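Chemist: Show me how the following folds:
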Amino acid sequence: MYSALRFLTFGLLFLMSQLSQAQIIYVTPAGAGNQSGSSWANALPGTSLQSRLATATSGTFLVGAGEYTPAAVSDPTKSFFIPSGVQVYGGYVAGTTNRITTPSGTTFSGDIGSPGLVSDNSYHVVMFRNASANTRLEGVVITGGFAEAAAPNGQGGGIYNDGSGSGNQSNPNLANVLLHANTSTNGVVFGNNGANTFYTPSGSTLTVRVTPCWKRV
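Modeler: From the prediction side, this is the model:
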């Protein structure tokens, strides 16, 4: 009997853990309330978005209008890493279910360090690694990536999609994303061998669903 109760307790705790991991996280630039991200009234501050995303295993992030950077100080290795299975939706008007439908309300910027100085910006503003097809980024502007360093940091100033490793695949969904003013040493907008805004390492399989996205120089 004791063993059965212990097993049941463990099962309930595991289920609660899975449900909490799949929760909706609300984000605004300044945060609000207790800053837990549990609601708009307790929104996660933008300064915590990068670290909260990096440790997520599932769930949905609803990001309010405003500008977000992956670090407060100059560390060009910092990016918004979106783990496999996580969804990020920008453009929300905080406190409501209303969204700005074009990618102009929420900006992910690599302009860390000295404002306006591109040479200390993030190498990659957004990163995916071995992303499943239900990984999604929607409704954001991606700007300010500066990928002009030694490989692999000479490609993918806007987005670096890493399909190396497990299965050699990374298949995120992108929708209503605007890539603007990102630079890199090599490449074109989308490509397997280098990109000034979007890069996927050669030897990996890329399936990106884009509905729609834009690049503005």
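Chemist: When you work out contacts or count neighbours from here on, use the C-alpha atoms and nothing else.
Modeler: Will do.
Chemist: low-scoring stretches of the chain, by residue?
Modeler: 1-22, 165-168, 186-217 (pLDDT under 70).
Chemist: So which residues of it form helices?
Modeler: 2-21, 49-54 (DSSP state H).
Chemist: Give the other helices and strands that the shortest one contacts.
Modeler: Using 3 or more C-alpha pairs under 8 Å, 6 or more residues apart in numbering; DSSP states H and E as the contact criterion, the neighbours of helix 49-54 among helices and strands are strand 80-81.
Chemist: ok, the closest residue to residue 148 other than its chain neighbours - contacts?
Modeler: Once flanking residues are discounted, residue 148 sits nearest to residue 154: 4.6 Å by C-alpha to C-alpha, 6 or more residues apart in numbering. Residue 154 makes contact with 123, 147, 148, 184, 185, 186, according to C-alpha atoms under 8 Å, 6 or more residues apart in numbering.
Chemist: Might one say that the first one is in contact with residue 159?
Modeler: No: judged on C-alpha atoms under 8 Å, residue 123 makes no contact with residue 159 at a distance of 9.4 Å.
Chemist: Share the number of residues neighbouring residue 57, please.
Modeler: 14 (other C-alpha atoms under 10 Å).
Chemist: now it: how far from residue 40?
Modeler: 21 Å (C-alpha to C-alpha, to the nearest Å).
Chemist: before we move on, what about residue 142?
Modeler: Residue 142 is 23 Å from residue 40, by C-alpha to C-alpha.
Chemist: and if you look at residue 119?
Modeler: For residue 119, the distance to residue 40 - C-alpha to C-alpha - is 35 Å.
Chemist: More neighbours: those two, which one.
Modeler: Taking other C-alpha under 10 Å, residue 119 and residue 40 do not tie; residue 40 has more neighbours (23 against 18).
Chemist: mind listing what the more buried one touches?
Modeler: Contacts of residue 40 (C-alpha under 8 Å, 6+ apart): 26, 27, 28, 32, 94, 95.
Chemist: Any quick PyMOL command for the buried ones out of those?
Modeler: Per 16 or more other C-alpha atoms under 10 Å, the buried members of these correspond to this PyMOL selection:
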select buried, resi 26+27+28+32+94
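Chemist: Now flag whichever of the contacts of residue 40 is closest to residue 101.
Modeler: Nearest to residue 101 out of these is residue 94 (C-alpha to C-alpha; 14.4 Å).
Chemist: My read is that the closest one contacts residue 65, right?
Modeler: Yes: counting by C-alpha under 8 Å, residue 65 is a contact partner of residue 94 at 7.5 Å.
Chemist: and the two most separated of the contacts of residue 154?
Modeler: So, the contacts of residue 154 by C-alpha to C-alpha: farthest apart are 123 and 186, at 12.9 Å.
Chemist: Mind checking which of these two has more residues around it?
Modeler: residue 123 (31 against 17).
Chemist: excluding its backbone neighbours, what's nearest the more buried one?
Modeler: residue 147 (4.4 Å).
Chemist: What's the separation between that neighbour and residue 160?
Modeler: Taking C-alpha to C-alpha, one finds residue 147 at 10 Å from residue 160.
Chemist: now swap in residue 177 and tell me
Modeler: Following C-alpha to C-alpha, the distance that separates residue 177 from residue 160 is 14 Å.
Chemist: Out of those two, name the residue with the larger neighbour count.
Modeler: Neighbours per residue (other C-alpha under 10 Å) separate residue 177 from residue 160, with residue 160 holding more: 28 against 23.
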